[in-house]
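Asker: using only what follows, build the 3D model:
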Amino acid sequence: MIHKMRKSIFWGFCALLLTPVFHNCSTEFEMNAENLNVPIAYCILNSADSFQYVRLQKTYLVDQAALETPPHPDSMIFPGEVVISIERWQDGKPVETVLFQPVTDIPKDTGFFPTDNHILYRAKLKVQPMQKYRIYIYIGDKEKVMYAETNTIGRLTVVDPLDIPQRKISLTTGTNYISRWQPVQNAGIYQVALRFNYKETKDGVTELRYFDWPQGYTKPSSAIDFLSSEISGARFMHLLAENIPVDPGVVREVESFDFAILSGGMELRYYIESTAPSEGALLEKPVYSNITNGVGLFSTISRVDVTGLPASSVTIDSIAYSPFTRELNFLDHTGDRDSTNRF
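Answerer: Coordinates of the predicted model:
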């Protein structure tokens, strides 16, 4: 899905104080310079969330020893005063300002986290479409202000799928599904994510489970009414076989499909492109950053969820009897399982 970063930023300095700070600002840093402690900040404004988040830390060198024995928190976190805030601007002036507070109770994703007290900064903020937002971070230890701005994107309108009673999803080895939406102002990239929901019963106990499948990125096209993402039915069947374990003692039932359609700002597009694998083995691309006096990313996303769409009878039967998924013990659309049936 369009990256798992979620954060936000801004420090309320007066214009007089900001002027000399930005006069000599720079986005150029030598990341591996000894003891430089470059500040890194990530904030993705999410219009679908009532809270926004910021991640702030220092750069530090990672070697094998650091992976086995995590560095001391002081090597990642700035001591002393940190003030983070964000502004919404209209007609050349700020019309809304929020301050962020540090929190440590946000569940961490899987992966490498050098500290147990993983600090994020959080503020209650409902992001408005088609607005300019500015973020500031004051770090007292370094006596500097980090700064960035972004323009939020317009409202995302989904054309297909729609949450209507007669809508059923067909996704089989011979049938692809095409999701469609209207282009959004200020958007630089799009992504569709599919969730397949199913029930699993074993020893009389039934549990709800799901399988997530993010699709590839779609970029805006000029002079076009609709954008689309085609989901491969054949690939879907293969992925179910690869990700759902075979268990003869389990009976499974198809529940529904959920769709998440996301649009991201231009900064997010540049960041994703800069972190994509290079075509040549020896080519090294600089990672995109739009943070002044530091590195990182400040951008925006918009999201529409269409949930609980039933699968067509053909899709249910294909999952039950296709050669790729037959051993997963899914029931067919009649709630039965005919061992002589073959697709």
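Asker: from here on, just use CA atoms for contacts and neighbour counts.
Answerer: Fine.
Asker: do you have the helices of the stretch 151-300 of the chain handy? List them.
Answerer: Under the criterion DSSP state H, counting those that start in this stretch, the stretch 151-300 of the chain contains helices at 233-243, 266-275.
Asker: pick the most deeply packed of those.
Answerer: helix 266-275 (a mean of 18; mean count of other Cα atoms under 10 Å).
Asker: picking that back up, would you reformat the helices of the stretch 151-300 of the chain as TSV and include mean pLDDT?
Answerer: Output for the helices of the stretch 151-300 of the chain, formatted as TSV (pLDDT from 0 to 100):
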stretch	mean pLDDT
helix 233-243	97
helix 266-275	93
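Asker: can you pull out the low-pLDDT segments for the stretch 1-150 of the chain?
Answerer: With pLDDT under 70 as the threshold, the stretch 1-150 of the chain has low-confidence stretches at 1-36, 60-75, 108, 110-117.
Asker: can you pull out the strands in it?
Answerer: For the stretch 1-150 of the chain, strands defined by DSSP state E, counting those that start in this stretch occupy the ranges 39-46, 51-58, 82-90, 93-99, 101-103, 120-124, 132-139, 144-151.
Asker: dump the residue contacts of Thr97.
Answerer: Ser85, Ile86, Glu87, Arg88 (Cα atoms under 8 Å, 6 or more residues apart in numbering).
Asker: oh, that last question was meant for Asn186, not what I typed.
Answerer: If a contact means Cα under 8 Å, 6+ apart, then Asn186 has Met130, Asn151, Thr152, Ile153, Gly154, Gly265, Met266 as its contacts.
Asker: can you check Gln185 too?
Answerer: Neighbouring residues of Gln185 by Cα under 8 Å, 6+ apart: Met130, Ile153, Gly154.
Asker: how about Asp258?
Answerer: Asp258 sits next to Leu194, Arg195, Phe196, Asn197, Asp305, Val306, Thr307, Gly308, Leu309 when contact means Cα under 8 Å, 6+ apart.
Asker: thinking again about what came up before, show the buried residues in the contacts of Asn186.
Answerer: Neighbour-count burial (16 or more other Cα atoms under 10 Å) applied to the contacts of Asn186 gives Asn151, Thr152, Ile153, Gly154, Gly265, Met266.
Asker: against Leu208, how distant is Leu297?
Answerer: According to Cα to Cα, to the nearest Å, Leu297 and Leu208 sit 36 Å apart.
Asker: the more surrounded of the two?
Answerer: Neighbours were tallied for Leu297 and for Leu208 using other Cα atoms under 10 Å; the higher tally belongs to Leu297 (25 against 12).
Asker: the more buried one pairs with what?
Answerer: When bridges are called by DSSP bridges, Leu297 pairs up with Tyr42.
Asker: now swap in Glu149 and tell me
Answerer: Legend: beta-bridge partners of Glu149 under DSSP bridges are Arg134.
Asker: got a list of what it touches?
Answerer: Taking Cα under 8 Å, 6+ apart as the criterion, Glu149 is in contact with Lys132, Tyr133, Arg134, Ile135, Phe298, Ser299.
Asker: which one of these sits closest to Leu227?
Answerer: Ranked by distance to Leu227 (Cα to Cα), those are led by Ser299 at 21.4 Å.
Asker: distance of the closest one relative to Val127?
Answerer: Per Cα to Cα, Ser299 is found 12 Å from Val127.
Asker: what residues are shared contacts of those two?
Answerer: Residues touching both Ser299 and Val127 (Cα under 8 Å, 6+ apart): Leu45, Thr152.
Asker: please identify which of those two sits among more neighbours.
Answerer: The residue with more neighbours, out of Ser299 and Val127, is Ser299; 27 against 22, by other Cα under 10 Å.
Asker: neighbours around the residue lying closest to that one once chain neighbours are set aside, how many?
Answerer: Once flanking residues are discounted, Ser299 sits nearest to Ile44: 5.0 Å by Cα to Cα, 6 or more residues apart in numbering. Residues near Ile44, counting by other Cα under 10 Å, number 26.
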